[in-house]
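K.L.:
Build me a model:
(chains A, B and C)
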Amino acid sequence: MALLTLNTVSYDYPTTHGLVDLTLTVDAGEFICLMGPNGSGKSTLLRLLSGLTTASHGTYQLAGHAINAAYLADAVKRQQLHQQVGMVFQNTDVQLFNPTVAEEVAFGPQQLGLPAAAVTQRVTDCLALTHSTELRDRVPYQLSGGEKKRVALASVLALNPDILLLDEPLNGLTIAAQQDMLVLLQQLQRAGKTIIMASHNFQQVQSVGQRFLIFNADHQIEADVTQAELATDTTLQAQLMTL
Amino acid sequence: MHIPDNYLSPATCGTLAVAMVPIWTVAVLKVKVQLKRQRETLPMLGIAASLAFLIMMFNLPIPGGTTAHAVGGTLLAVLIGPWAACLALTVTLALQALLFGDGGILAFGANALNMAVIMPFVGYACYRLGQKWRHPKIGLAVGAYLGINTAALVAGIELGLQPLLAHTASGAPLYCPYGLNIAVPAMLAAHLLVAGWVEMGFTLLVYQFVQKVAPTSLYQTAPRTSQRRWLGLLLGLAILTPLGLLASNTAWGEWGPSELKHLLAQQHLTAQVPQGMAHGLHFQALFSDYAIAGLPVSVGYILSALTAIMIFGLLIRGLQHDTQLKN
Amino acid sequence: MIPNLKTKPLPTWLTVPNHPVKSKRRASMQFLSRNQHHLRHLLQRLAQPAPVQPSSWPLSPQINLLRLGLVLLLIASVHSFVWLWGLALLLGLQLLLLPPRQLRYFIRRWLLSCCIAVIIVLPSYWLAGPATVVFFGVKTSLMLANAQYFRLTTTFQDVLAGLKAWHCPNVLIMTLAIAMIYLRMLGQHLLLTTEALDLRLVAPTRHPYRLIGALFGNLYLKSYAYALELYAAMEARGFNGHYAKPVGTASHWRDYLSLSPVLILMGLLLFGGH
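P.N.:
Next up, the predicted model:
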């Protein structure tokens, strides 16, 4: 059974469209890259999937539940959804609000009521996985852009979400750190996590993404191709290179 | 705490707006001095004003399911300095009144006095005292609580004076219908019981966070501190303001038809004093004095209005001179 | 930092599927969504300010501002229906000059603000009798109508120009201008922060206030960073501490003509009774 399904979903902003008539099925354990020009609907789709907004038209089903305004209005269900779906924002500044990196990563697990030792374990593990151990006692507010991205990912991972949504996670990272993050994401995918990532950087993601959704300027999905299909389609590749 | 239009008589609004002019003048001068030390204060003023706007807009949960909102006067005073906070909050109130219809346009002076002057300065004075006694956080907590409550008290007095200052021939109030005996306890009860604690909690937690994360971005007091003298003067101004309000109000009330004027004056002399209201008693005494002196009531009013304006004018002169010397 | 290219195995807790924990306590984070709603509303309003209709009688900004003040003062000072009637007619005349679409917009906003005002005003005046309630309702709605008309016909730039012409200190005008721009940026930041916080709230928190402290602490630090950047940018552009005076239209006969009804009424009120 599909993990999540979008059926003819549209999303309208007050003056413009965000998504137009989108139908999509995602299975557990997929690694999906969202690509397309600025403002084409990648971020809107991620916001919709995370439950930050609801569709103007159409339905969204996640693991058998219809995610709509009524579902999100129920605080308990909403919190369960947040345990399953984690998101790294494009502007990670808004995501980090604790006084230290360690507290930032511990924020989620602590709420779950885990014992102190387990929380510490998760913090240590997540910081190690994102190569941020040395940032442990730093203040998130004073970190560099790339460091913030890594800490944001660590703080989301600490909740062990099944679905990981990432909005331009590679921005601001050095080439080596980008590689590190992609390797980690691949590892997570192999462990059964579903990863949906918006990115501009085709060269970096073409080797790790298994499925590519390409948006056009009309907020629709222009192409939905697998890695193998993309490898043979040179025109599409050339188009993605210019993004 | 935003007083909307039509709750205060135009005379009160005018008096308070005039009373604010010297305070704003001093604030601008003081901020100019602060700018020499910390140049980024200039853009910070505007940004702090928008921050204050958001603070006043943000609903905070309180037990029982309802919400309240903080004003942030004390917090801003501690973060960017009291004079800068005064200007920033003034701008916030102006934005709210002119562009968002929140708080009256005529009542702008009154709102500015309550929220942009009394609140940050009372709060900041307590914070400085706390700092002196090595307990800045206690000072801040007390300051936030006292600041908002003092502001509420003054707002209550402004509102509660209206039935005494402006009413029709039959005694029906023209503006806020509640006297001091209702307005002051109502404003104070709401703030002493709920809003004060909300303000205190909010102020403390934000301060704690900023202090922990980036202590250097807190407002540093100027090395040559003459803060206390300034605070004294300001408190003097704040105390004088209600006096000015009492004194000049009814002189402005002359605008009404002459009949009304006559009856109004009589009403003032014979109005029943709300029981146990010291302010009411004080007020009564002030006006009986004029009557005893044998002056026509209206002349007494005009004279007292002129006196109030003169006092403020003298204060401006004094403060300006002081600032120039310091530069 | 030298990145470690060797891959470490994932910890076991991260490799098992998530079984959402159901919290027993009811959540009390309603305030977050309520605030998000308010913030979105504010941002929408800032992003699409009400279309300003430059009136067919262009007045200089300072006269416009003065006019608003005088009219409000008049409304507040008079205590008879006849006067209010006259003032309402005066406003009606101005409204007649508005294009129909603007007029509809005006009426919609005005009725809305009147409803809110009446809800606040009514209970407090009820004790004084129904006549007072009606009178105050009329007065308040007339004031709101005038303020609304001002908002509809005056751009923010004009407000600034008007203040400048009335010798408002540069510091205040600049602060007002900066505040307006940054209100949107900080509002956006706060909205996103509450959303991000919401996404990571997986159980009812025991200390909502601590979170709020962190939210606003961060917002302050962010605004401090903005201020430093803005100052650098201002200096780079040769800022000298003065707000450039916009080219204003000099006051001429049109200004005085539009002021005259208000002034005449004011004069009548002041001296008519004697």
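K.L.:
and the residue in chain A that chain C sits nearest to, how many neighbours does it have?
P.N.:
Nearest residue of chain A to chain C (C-beta to the nearest C-beta) works out as A:A75 at 3.3 Å. Placement of C-beta: from N, CA and C, glycine included. Residues within reach of A:A75, counting by other C-beta atoms under 10 Å in any protein chain shown, total 20.
K.L.:
what's the answer for the one 10 residues further on, then?
P.N.:
The criterion is other C-beta under 10 Å. On that basis, A:V85 has 26 neighbouring residues.
K.L.:
Need the per-residue pLDDT for it.
P.N.:
pLDDT recorded at A:V85 is 91.
K.L.:
ok, now how distant is the residue of chain A closest to chain C from B:Y145?
P.N.:
Distance, A:A75 to B:Y145, by C-beta to C-beta, to the nearest Å: 31 Å.
K.L.:
Go through stretch A:201-216 and flag the buried ones.
P.N.:
A:N201, A:F202, A:Q204, A:V205, A:Q206, A:V208, A:G209, A:R211, A:F212, A:L213, A:I214, A:F215 (16 or more other C-beta atoms under 10 Å in any protein chain shown).
K.L.:
Could you single out the nearest of those to B:K30?
P.N.:
A:N201 (50.9 Å; C-beta to C-beta).
K.L.:
on that earlier part again, from C:Q30, how far off is the residue of chain A closest to chain C?
P.N.:
In terms of C-beta to C-beta, A:A75 sits 7 Å off from C:Q30.
K.L.:
Repeat that for C:T153.
P.N.:
To C:Q30, C:T153 is 39 Å away according to C-beta to C-beta.
K.L.:
who in the stretch 151-274 of chain C is up against chain A?
P.N.:
C:189, C:192-193, C:195-205, C:211, C:214-215, C:217-218, C:221-222 (C-beta under 8 Å from any C-beta of the partner chain).
K.L.:
Write the PyMOL selection for whichever of those residues are buried.
P.N.:
Buried residues among those (16+ other C-beta under 10 Å), as a PyMOL selection:
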select buried, chain C and resi 189+192+193+195+196+197+198+199+200+201+202+203+204+205+211+214+215+217+218+221+222
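K.L.:
In helices, which of the residues of the stretch 151-274 of chain C next to chain A fall?
P.N.:
Among these, DSSP state H puts C:189, C:192-193, C:195-200, C:211, C:214-215, C:217-218, C:221-222 in helices.
K.L.:
can you tell me which of the residues you listed are up against chain B?
P.N.:
C:A214, C:G217, C:N218, C:L221.
K.L.:
Report the contact partners of the residue lying closest to the first one once chain neighbours are set aside.
P.N.:
Using C-beta to C-beta, 6 or more residues apart in numbering or on different chains and skipping the chain neighbours, the partner closest in space to C:A214 is A:F97 (4.5 Å). Shown in contact with A:F97 (C-beta atoms under 8 Å, 6 or more residues apart in numbering or on different chains): A:E104, A:P140, C:T193, C:A196, C:L197, C:L211, C:A214, C:L215, C:G217, C:N218.
K.L.:
So, low pLDDT: which residues of the stretch 51-200 of chain C?
P.N.:
In the predicted model of the stretch 51-200 of chain C, residues C:51-58, C:120-128 satisfy pLDDT under 70.
K.L.:
With the stretch 151-300 of chain B instead?
P.N.:
B:221-300.
K.L.:
hmm, try it at 80
P.N.:
Judged by pLDDT under 80, the stretch 151-300 of chain B has its weakly predicted residues at B:166-179, B:215-300.
K.L.:
how about the helices in the stretch 51-200 of chain B?
P.N.:
B:73-80, B:82-99, B:108-111, B:119-132, B:136-165, B:180-190, B:196-213 (DSSP state H, counting those that start in this stretch).
K.L.:
make that chain C, sorry
P.N.:
Using DSSP H, helices in chain C cover C:12-15, C:30-47, C:61-77, C:81-96, C:100-125, C:130-153, C:156-165, C:170-200, C:208-236, C:253-271.
K.L.:
who wins for proximity to A:Y11 among these?
P.N.:
helix C:30-47 (14.1 Å).
K.L.:
That'll do, ta.
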